[in-house]
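1. need the 3D shape of this:
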Amino acid sequence: MTTFFTESTESAAVVRVHRVEVYPHAGEPDPLAGQYLDAAREAFGQGVSLESGRVYLIEAPLSGQDVQRIANELLADPVNQSVFIGVREAHDPSQPTRVEVHYQPGVMAPVAQSARDATLEMLPGLDADAVRVRTGWRFDFTGLAIDGAALCRFAE
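-> From the prediction side, this is the model:
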């Protein structure tokens, strides 16, 4: 499993939002991107490619080591997924077209609830009231030359 750190790995636990992104390993199938690729090509042309990743936003008093452990042991499958703490850079920095989709605040997200429950079980000293998890998806487009308004319409 590949882990990249873009945040500090300090040992002191501070309440803040920790971002974890999980992607298929290079060469592995990307079923979520596959669901939307035909629609993206229909909207933007056949030269478009698409990658997807799951985004976890964990608000909790965690140390960098705690975040790393949660990411590697709970949120990703080391056989076919890579973890990024923070924001992964686009594979093609010259075309950093990204869309993120998150649940509205207050909407029940089963994956977020499961991640929260597993985090509390893994780190039993945490105050349950101090732990919140939100989830979403990140889509990276390449081969795209459109304006932001068209991309927003597609995302909606």
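2. any weak-confidence spans in this structure?
-> For the chain, the stretches with pLDDT under 70 are 1-14, 90-96.
3. can you give me the buried ones in the longest strand seen in the chain?
-> Longest strand in the chain by number of residues (criterion: DSSP state E): strand 49-62. Residues of strand 49-62 classed as buried: 49-56, 58, 60-62 (neighbour count, 16 or more other Cβ atoms under 10 Å). Where C-beta positions appear, they are placed from N, C-alpha and C, glycine not excepted.
4. tabulate those residues (JSON lines), appending distance to Val87.
-> Formatted as JSON lines, those follow (distance: Cβ to Cβ, whole Å):
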{"residue": "Ser49", "distance to Val87": "20"}
{"residue": "Leu50", "distance to Val87": "18"}
{"residue": "Glu51", "distance to Val87": "14"}
{"residue": "Ser52", "distance to Val87": "15"}
{"residue": "Gly53", "distance to Val87": "10"}
{"residue": "Arg54", "distance to Val87": "14"}
{"residue": "Val55", "distance to Val87": "9"}
{"residue": "Tyr56", "distance to Val87": "12"}
{"residue": "Ile58", "distance to Val87": "14"}
{"residue": "Ala60", "distance to Val87": "19"}
{"residue": "Pro61", "distance to Val87": "22"}
{"residue": "Leu62", "distance to Val87": "18"}
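5. and these, which is closest to Asp140?
-> Glu51 (4.6 Å; Cβ to Cβ).
6. isn't the closest one right up against Glu21?
-> No: proximity of Glu51 to Glu21 does not meet the contact threshold set by Cβ atoms under 8 Å, at 11.0 Å.
7. ok, back up a step: so what strands line up beside the longest strand of the chain?
-> Here strand 49-62 is paired, per DSSP bridges, with strand 14-24 (antiparallel), strand 132-142 (antiparallel).
8. quick one, which of these is packed in tightest?
-> strand 132-142 (a mean of 19; mean count of other Cβ atoms under 10 Å).
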